[in-house]
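Enquirer: predicted model follows, preceded by the sequence.
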Amino acid sequence: MSDQFYLDNFRRYYRRGLKAHRKGELPLARMSLLKAAEMLYKLAASSTGELRTVRKQKARRLLELARSLPVESENNTAPSGGAAARTGDAEETDSKKWIMTALPDVSMDDVAGLDDVKDVIRRRVIYPFRHPEVTEKYRKKSGGGVLLYGPPGNGKTMIARAIAAEVDATFFSVKCSDIISKWVGDAERNLQKLFEAAQEHPRAVIFMDETEAIVAKRGGDSTVMNRVIPEFLSQVDGVQGRHGGLLLLGATNRPWDMDEAALRTGRFGELIYVPMPDLPARRKIIAMNLDGIPLSENFDLDDVAARTEGFTGADLEGLCERAKDAPYEREIVTGEEQCLTQGDVVTTMKNTRLSVREKMLEKYEKFEQQ
Ligand SMILES: Nc1ncnc2c1ncn2[C@@H]1O[C@H](COP(=O)(O)OP(=O)(O)OP(=O)(O)O)[C@@H](O)[C@H]1O
Ligand SMILES: [Mg+2]
């Protein structure tokens, strides 16, 4: 069988597996992910170098996940995962729904660049939970609050997902805009429930995405905010100090909108800047997004990466996706095998609107310096 065959099948099973997992159809997820892992092992066997290692690691993680899922469905395997507030029904928001099952679809290795950020995360989030005794011995801080901030599309949410997959703790995940928009009136109660649920676990991470939605500066005439923020702050304070096993992880692309009280030590006391990807990171992101795509012989990845200064990770992902349309259409029209050329990518690049502007970057830099 050809690599292409395995790759196509891997993608098919993988997508099916994740979808089933999301819907709580765990036996189907198990079966599909097992198949996906099998395909990936086959692909790894015929790959070389870094790609081989990466594929093997990913296959192993998939296998572990698949094996952790039930063979047959039980009546009570309610779907878990994602934010809790899909229905907005207060009865539905029981604590189990908050828990995000760690899907190993992203790992720290998939996050390109950001080595400093990853170091801090390991030291601050992963090691304390993995080696509590050593953390205790050296009186290193565990728990508390860490806020990832930076321009949109550069991996903040992705890092949080990778943490969920790697950390040995129960992971609660909420999107703050959901707390506000879907539960107006119930927001405080849901915050309480979330923190209560987290405290029942010896080690837990609460990930709050789009944190600015919930801790936007006070003083405006938003009555919701004026009630929710104090509740949030008091929940956080209640937890800190007496519970070193709880880590509050936030992500925002509007740090300046956050209530200053929330950024104090003991709340989101530690701020980590997630910057735009540098050259090696851009190269890796492009390479990952073109993995398995036939490239023209003189395709120069270094040159392509060098031309993408100012692109965010998400911009690069979009660029690759759109560039592939060209050979795809050529092949459909001509019926002959095609490949992606550097020209395809460069042309697409010229028609790309960057999502982050210079002005905006200056704003982040100014915030970082404060
Ligand atoms: N460092 C990176 N390595 C690999 N892929 C990346 C990286 N940064 C961004 N991406 C790609 O861009 C997508 C968007 O990234 P993500 O959602 O994590 O951005 P974000 O920083 O959370 O943005 P926002 O502030 O808008 O929420 C990711 O799903 C991923 O495909
Ligand atoms: Mg995000």
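Expert: Cool, got the structure. Ligands and ions are numbered 1, 2, ... in the order given.
Enquirer: just the closest residue of the stretch 1-150 of the chain to ligand 1, please.
Expert: Per Cβ to the nearest ligand atom, the residue of the stretch 1-150 of the chain with the smallest distance to ligand 1 is A112, at 3.5 Å. In short, each C-beta sits where N, CA and C put it, glycine included.
Enquirer: pretty sure that residue sits against N289.
Expert: No - proximity of A112 to N289 does not meet the contact threshold set by Cβ atoms under 8 Å, at 10.2 Å.
Enquirer: so between these two, which is more surrounded?
Expert: The neighbour comparison of A112 against N289 (other Cβ atoms under 10 Å) goes to A112, with 22 against 17.
Enquirer: just list the residues touching K363, thanks.
Expert: Going by Cβ atoms under 8 Å, 6 or more residues apart in numbering, K363 touches W256.
Enquirer: so what's H243 scoring on pLDDT?
Expert: pLDDT recorded at H243 is 53.
Enquirer: correction: the previous question concerned V224.
Expert: pLDDT, V224: 64.
Enquirer: tell me the secondary structure for L148?
Expert: When classified by DSSP: H, G, I helix; E, B strand; the rest coil, L148 comes out as strand.
Enquirer: I272 versus that one, what's the distance?
Expert: Counting by Cβ to Cβ, to the nearest Å, the gap between L148 and I272 amounts to 5 Å.
Enquirer: again, but for R122
Expert: 12 Å.
Enquirer: on that earlier part again, just say helix, strand or coil for the residue of the stretch 1-150 of the chain closest to ligand 1.
Expert: Secondary structure for A112, judged by three-state DSSP, is coil.
Enquirer: give the contact list for it.
Expert: Contacts of A112 (Cβ under 8 Å, 6+ apart): 155, 277, 280-282, 284-285, 288, 313.
Enquirer: can we see that at 7 Å?
Expert: 277, 281, 284-285 (Cβ atoms under 7 Å, 6 or more residues apart in numbering).
Enquirer: cool, N298 as well?
Expert: Applying Cβ under 7 Å, 6+ apart, the residues near N298 are Q342.
Enquirer: am I right that it sits in a helix?
Expert: No - judged by three-state DSSP, N298 forms no part of a helix; its state is coil.
Enquirer: PyMOL command to pick out the buried ones of the contacts of A112?
Expert: The buried residues among the contacts of A112 can be selected in PyMOL (16 or more other Cβ atoms under 10 Å) with this line:
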select buried, resi 277+281+284+285
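Enquirer: if we can go back for a sec, on the pLDDT front, check the residue of the stretch 1-150 of the chain closest to ligand 1 for me.
Expert: pLDDT, A112: 95.
Enquirer: ok, now E64?
Expert: So E64 comes in at 84 (pLDDT).
Enquirer: wasn't it part of a helix?
Expert: Yes - counting by three-state DSSP, one finds E64 located in a helix.
Enquirer: that one: how many residues sit nearby?
Expert: Based on other Cβ under 10 Å, the number of other residues close to E64 is 12.
Enquirer: for V111, see how far away it is.
Expert: Counting by Cβ to Cβ, the gap from E64 to V111 is 20 Å.
Enquirer: higher neighbour count, L148 and I272?
Expert: L148 (28 against 19).
Enquirer: ok, the more buried one - contacts?
Expert: Contacts of L148 by Cβ under 7 Å, 6+ apart are 156, 159, 250-251, 272, 274.
Enquirer: what comes up buried for stretch 286-295?
Expert: Buried residues in stretch 286-295, counted by 16+ other Cβ under 10 Å: 286-287, 289-290, 295.
Enquirer: end to end, how far does it reach?
Expert: 12 Å (Cα to Cα, to the nearest Å).
Enquirer: average pLDDT for that stretch?
Expert: The model assigns stretch 286-295 a mean pLDDT of 94.
Enquirer: stretch 69-78 now?
Expert: Here the average pLDDT along stretch 69-78 is 59.
Enquirer: same check, this time on stretch 309-323
Expert: Averaging pLDDT residue by residue across stretch 309-323 gives 96.
Enquirer: which bits of the stretch 151-300 of the chain sit near ligand 2?
Expert: For the stretch 151-300 of the chain, the residues found near ligand 2 under the criterion Cβ under 5 Å from the ion are 156-157.
Enquirer: which stretches of the stretch 201-350 of the chain form helices?
Expert: Along the stretch 201-350 of the chain, counting by DSSP state H, counting those that start in this stretch, helices occupy 223-239, 279-289, 301-306, 313-323, 325-334, 342-350.
Enquirer: tell me if the second one is near ligand 1.
Expert: Going back to what we said before, that points to helix 279-289. Yes - using Cβ under 6 Å from any ligand atom, helix 279-289 reaches ligand 1 at 281, 285.
Enquirer: orientation of that helix relative to helix 342-350 in degrees?
Expert: 110 degrees (axes from the mean of the first three to the mean of the last three Cα atoms, to 10 degrees).
Enquirer: now tell me what touches helix 279-289 from outside.
Expert: 112-114, 277, 301-302, 304-306, 308, 311, 313, 316-317, 320.
Enquirer: now the buried residues of stretch 286-295 in CSV, with distance to I180?
Expert: Putting those into CSV (distance: Cβ to Cβ, whole Å) gives the following:
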residue, distance to I180
I286, 36
A287, 38
N289, 33
L290, 38
L295, 45
